[in-house]
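**Student:** Please find the sequence and the predicted model below.
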Amino acid sequence: MAGDLDTETDEVRERFLKHRISSELASDLVAWKKEIEDASGKHLGGDVVAKFVRRMLEPGNITLRVIAYSFAFGLNRMHGWKSLREAAREFGYTVAALSKEQIRIREQYGLPHNEHSKAAEVCDSYRRSQLAKNWRHSRLCK
């Protein structure tokens with residue numbers, strides 16, 4: 001009877017099977033959860049789990065979300081992705097879509113910037129320069 005029960009990895013894999021989640025990714029997610037539990041000395045708080053589940057159940061592309069979680073939490077190297085561009089190419093997403101989702105996840109969990117995201121000052125500077133270069137602000141439109 002005990003052998004008939006699914007492992008936690010099997011449950012994660014089955015939950016996300018229709019979204020092409022590999023066994024490796026499912027086991028990595030379970031391992032990551034256990035690492036956090038071990039580091040904190042207790043099980044994940046209901047608030048963190050609630051945030052994760054709420055995010056996974058939102059309408060939209062769950063595969064994109066799982067990839068973004070991998071980058072936000074630094075698990076991307078386990079899957080052989082050195083950059084957002086590599087993962088985007090492999091799954092057919094844009095780098096912007098993955099980056100935007102990763103930023104949302106980092107903000108939601110209060111995670112610091114990592115190697116896959118620009119500092120807030122850089123983003124602000126880029127946004128200001130793009131607004132200044134916008135065709136609406138050119139002399140031709142005045």
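**Tutor:** Perfect, I can see it now.
**Student:** where in this structure is pLDDT low?
**Tutor:** For the chain, the stretches flagged by pLDDT under 70 are 1-4, 17-19, 37-46, 115-120, 123, 135-142.
**Student:** residue boundaries of the helices in it?
**Tutor:** For the chain, the helices defined by DSSP state H occupy 8-15, 23-40, 46-57, 62-72, 84-91, 95-109, 120-133.
**Student:** from what I can see Val30 touches Asp10, true?
**Tutor:** No. Using CB atoms under 8 Å, Val30 is not in contact with Asp10; the gap is 9.6 Å. In short, each C-beta sits where N, CA and C put it, glycine included.
**Student:** of the two, who's got more company?
**Tutor:** A direct count of neighbours by other CB atoms under 10 Å for Val30 and Asp10 places Val30 higher, at 17 against 14.
**Student:** Which residues are in contact with the more buried one?
**Tutor:** By CB atoms under 8 Å, 6 or more residues apart in numbering, the residues touching Val30 are 8-9, 12.
**Student:** can I get these in JSON lines with distance to Arg55 and neighbour count?
**Tutor:** Shown next, in JSON lines, are the contacts of Val30 (distance: CB to CB, whole Å; neighbours: other CB atoms under 10 Å):
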{"residue": "Glu8", "distance to Arg55": "19", "neighbour count": "14"}
{"residue": "Thr9", "distance to Arg55": "20", "neighbour count": "17"}
{"residue": "Val12", "distance to Arg55": "15", "neighbour count": "21"}
